[in-house]
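> sharing a model that was predicted from the sequence below.
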Amino acid sequence: MENWRKSSYSGPGDGNECVEIANSPTHVAVRDSKVPARATLSFPPEAFAPFLEALKEDAPRRIP
């Protein structure tokens with residue numbers, strides 16, 4: 001069983017941009033916290049940080 005937690009990379013508060021992650025020695029899994037029964041993404045640990053960096057580069061800029 002995976003130990004899911006809200007990602008520190010999620011949007012602020014309980015908004016619409018919440019994801020949960022679960023770490024294991026062999027992978028990092030990501031799912032949408034609003035629909036946890038749907039599919040998850042799974043990455044080898046060494047691929048997760050580059051994936052996040054790519055998302056940051058392509059993310060729309062937020063205005064506070």
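Everything's here; your move. Numbering: from 1, shown residues only.
> any idea of the mean pLDDT in stretch 38-57?
The average pLDDT within stretch 38-57 is 88.
> pull the residues that contact it.
9, 23, 25, 26, 27, 28, 29, 30, 31, 32 (CB atoms under 8 Å, 6 or more residues apart in numbering). For glycine as for every other residue, the C-beta is placed from the backbone atoms N, C-alpha and C.
> go again using 6 Å as the cut-off
27, 28, 29, 30, 31 (CB atoms under 6 Å, 6 or more residues apart in numbering).
> so how far is residue 48 from residue 36?
Remark: distance between residue 36 and residue 48 (CB to CB, to the nearest Å) = 19 Å.
> ok, residue 42 next?
10 Å.
> tell me how many other residues surround the closest residue to residue 2 other than its chain neighbours.
Closest residue to residue 2 apart from its sequence neighbours, by CB to CB, 6 or more residues apart in numbering: residue 22 at 3.8 Å. Residue 22: 17 surrounding residues under other CB atoms under 10 Å.
> tell me the secondary structure at residue 39.
What DSSP: H, G, I helix; E, B strand; the rest coil gives for residue 39 is coil.
> could you report the neighbour count for it?
The burial count for residue 39: 8, using other CB under 10 Å.
> now residue 6
Look at residue 6: counted by other CB under 10 Å, it has 12 neighbours.
> cool, residue 24 as well?
If we define neighbours as other CB under 10 Å, then residue 24 has 11 of them.
> repeat for residue 29
So residue 29, with other CB under 10 Å, has 16 neighbours.
> part of a helix, is residue 2?
No: under three-state DSSP, residue 2 falls outside any helix and is assigned coil.
> before we move on, back to that, of residue 42 and residue 48, who's got more company?
residue 48 (18 against 15).
> which secondary structure element is home to that one?
Taking DSSP states H and E as the definition, residue 48 sits inside helix 45-58.
> just the buried positions in that helix, please.
residue 48 (16 or more other CB atoms under 10 Å).
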